[in-house]
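[1] pasted the sequence and its predicted model underneath.
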Amino acid sequence: MTKKKVCMIVYTLYTYDARVRREAETLVSSGCYEITVLCLKEEKKRRSYRKEDVSVIELNMRKYSGHKMFYYIISYIRFLMKSFFTCSILLFKKEIDIVHVHNMPNFLIFAGILPKLLKKTLILDMHDSVPETFSAKYRNKRNFLFKLLCIEEKISSKFSDRIICVNHVQKNVIINRGIPPEKIYISMNVPDHKIFTDLEDRRITRNSNGPFKLVYHGTITKRLGIDVAIEAVAKLKSLYPAIELHLWGKGDFTNYILEKIRENENRDIVYFHGIVSIEELPGTLADMDVGIIPNRKSPATELMLPVKMMEYIALGIPVIAPRLEAIEYYFTDEMVSFFDPENIDSLIKTIITIYENKSLRLSQVIKARDFLKKYGWERQSLDFIKYYSNL
């Protein structure tokens, strides 16, 4: 059987993007597809390499992680041009049957103009809802940006043959903006079960007299509220000196977070460890007691079902989460410990409750598994391969 050839395009680092890797490796493992990923370079020199039988081609540019919208746009356009050029070369070498573009931004789908003209299938994978994300990031220009990016989303979606989104709440939003529901498929941000397995036994047997470790890992940006978590833990320091906060990640808010950690009241209770690969995450998180999702409330975060939250659940780590629409769509109070977003007093109260109640932590771990029984990648991977086979 001739394998279909898929070109994935993503403005990120392949090694650290769990969703892109999970989808690419799942397709390769089916034996029906050859995957080539075009992505940003991780080091000073661009590389071409294979990882888990996926071919990775790094384009010669780095990710922009600043605050200025103009430079984001320039960086995205540069990446579009480079990916268009490389994608076109692969097409002429007869190495493309499907182009699968991961946002942000949505307009990267136009890197597949030539494949589109030759009747190849174009898929737009919406990791994030761009209008909500950027209008939340640049609040002083919210109305103008939102309308402009809704147009960008609509044009990009119309150019695409298929749309993939990450959850049911996001699907409803983009349908209300005019994208045909029959064009949309949901591939949820759940962890790869081959990497993330339950560590509950190891956590239960660890020394309960040691520090009580809260953990956050992933993107470090203002809308995800890491500073809110730091402030809450700092206020608990005098009454609950055993509570610590451990951070792994990278993003445009990193320098600010490092400054917060250096403040006197945060020393010896907040620890920043840099970034860690997907393969290292389970071992890194094995010693943690509770995962914390401190997201602020915004149109963007209302649509997010954070993959880090799913990873904690898969590892048997209880979760503290904000009451936001997408999270409450799938989870109840029996499954996670909720707090009111951006309300430090509410977050402090929730941390104290889960700290003092080990039986609550264990019961939530058990109840939260119901989500993965229904939506885990063991099941979704089969549906994802079937979706591709029907293209």
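    Thanks, I have the structure now. Numbers count the residues shown, from 1 in each chain.

[2] what about Pro105, distance to Ile163?
    15 Å (Cβ to Cβ, to the nearest Å). Backbone N, C-alpha and C define where each C-beta goes, glycine included.

[3] what's the answer for Thr15, then?
    For Thr15, the distance to Ile163 - Cβ to Cβ - is 26 Å.

[4] which one of the two has more residues nearby?
    With neighbours defined as other Cβ atoms under 10 Å, Thr15 and Ile163 compare such that Ile163 has more, 23 against 16.

[5] can you give the strand pairings for the helix or strand that contains that one, parallel or anti for each?
    Using DSSP states H and E, Ile163 falls within strand 162-165. Next to strand 162-165 in the sheet, as set by DSSP bridges, lie strand 121-125 (parallel), strand 184-186 (parallel).

[6] redo the ones you listed as JSON lines? Include mean pLDDT.
    Below are the strands paired with strand 162-165 laid out as JSON lines (pLDDT from 0 to 100):
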{"stretch": "strand 121-125", "mean pLDDT": "98"}
{"stretch": "strand 184-186", "mean pLDDT": "97"}
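
[7] okay, those, which one's buried deepest?
    Across the strands paired with strand 162-165, averaging neighbours per residue (mean count of other Cβ atoms under 10 Å) puts strand 121-125 on top, at a mean of 22.

[8] following that strand, which helix or strand shows up next?
    Counting by DSSP H and E, what follows strand 121-125 is helix 130-137.

[9] average pLDDT across that next one?
    When pLDDT is averaged over helix 130-137, the result is 86.

[10] that one: how far from the chain's middle?
    Its chain's C-alpha centre lies 15 Å from the corresponding centre of helix 130-137 when counted by Cα atoms, centre = their mean, to the nearest Å.

[11] which residues touch the helix or strand that that helix is followed by?
    The helix or strand immediately downstream of helix 130-137 is helix 142-159, counting by DSSP H and E. Here helix 142-159 makes contact (Cβ atoms under 8 Å, 6 or more residues apart in numbering) with 105-107, 109-110, 116, 122, 124, 129-132, 134-136, 138, 163, 174, 177-179, 183.

[12] what is the least confident helix or strand in this protein?
    Least confident helix or strand of the chain, by mean pLDDT, DSSP states H and E, is helix 200-205 with a mean of 54.

[13] for Leu258, which non-adjacent residue is closest in space?
    Spatial nearest neighbour of Leu258, excluding adjacent residues (Cβ to Cβ, 6 or more residues apart in numbering): Phe272 at 6.3 Å.

[14] bridge partners for the one you found, pull those for me.
    Here Phe272 sits in beta bridges with Leu247, going by DSSP bridges.

[15] show me which helix runs longest in this protein.
    helix 69-92 (DSSP state H).

[16] pull up the pairing partners for the next helix or strand after it, direction included.
    Next along the chain after helix 69-92, taking DSSP H and E as the criterion, comes strand 98-102. Applying DSSP bridges, strand 98-102 is found paired with strand 4-10 (parallel), strand 121-125 (parallel).

[17] Ile293 is nearest to which of these?
    strand 121-125 (22.6 Å; Cβ to Cβ).

[18] got the CA positions of stretch 36-49 in CSV?
    Taking C-alpha atoms only, stretch 36-49 is exported to CSV below (Å, rounded to 0.1, in the frame of the first residue of the first chain):
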residue,chain,number,x,y,z
THR,A,36,7.3,15.8,7.3
VAL,A,37,7.1,18.7,9.8
LEU,A,38,8.2,22.2,9.0
CYS,A,39,8.9,24.2,12.2
LEU,A,40,11.1,26.8,13.9
LYS,A,41,14.7,26.1,14.7
GLU,A,42,15.7,25.3,18.3
GLU,A,43,19.4,26.1,18.2
LYS,A,44,21.5,28.6,16.4
LYS,A,45,21.8,26.3,13.4
ARG,A,46,18.8,24.8,11.7
ARG,A,47,18.6,21.0,11.6
SER,A,48,16.8,18.3,9.6
TYR,A,49,16.3,15.1,11.6
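
[19] helix or strand: which one has Pro115?
    Going by DSSP H and E, Pro115 is part of helix 113-117.

[20] that helix packs against which elements?
    For helix 113-117, the packing partners by 3 or more Cβ pairs under 8 Å, 6 or more residues apart in numbering; DSSP states H and E come out as helix 69-92.

[21] could you list the low-pLDDT ranges of the stretch 151-300 of the chain?
    199-208, 264 (pLDDT under 70).

[22] just to revisit the earlier point, could you dump the longest helix of the chain to CSV, C-alpha only?
    Taking C-alpha atoms only, helix 69-92 is exported to CSV below (Å, rounded to 0.1, in the frame of the first residue of the first chain):
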residue,chain,number,x,y,z
MET,A,69,2.3,43.1,17.9
PHE,A,70,4.2,44.5,14.8
TYR,A,71,7.1,42.1,15.4
TYR,A,72,4.7,39.2,15.8
ILE,A,73,3.2,40.0,12.5
ILE,A,74,6.6,40.3,10.8
SER,A,75,7.7,37.0,12.3
TYR,A,76,4.6,35.2,11.2
ILE,A,77,4.9,36.6,7.7
ARG,A,78,8.6,35.5,7.5
PHE,A,79,7.6,32.0,8.6
LEU,A,80,4.8,31.9,6.0
MET,A,81,7.2,32.8,3.2
LYS,A,82,9.8,30.2,4.3
SER,A,83,7.2,27.5,4.8
PHE,A,84,5.6,28.3,1.4
PHE,A,85,8.9,27.9,-0.3
THR,A,86,9.8,24.6,1.4
CYS,A,87,6.3,23.2,1.0
SER,A,88,6.4,24.0,-2.7
ILE,A,89,9.7,22.2,-3.1
LEU,A,90,8.2,19.1,-1.4
LEU,A,91,5.2,19.3,-3.7
PHE,A,92,7.4,19.3,-6.8
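
[23] done for today, thanks.
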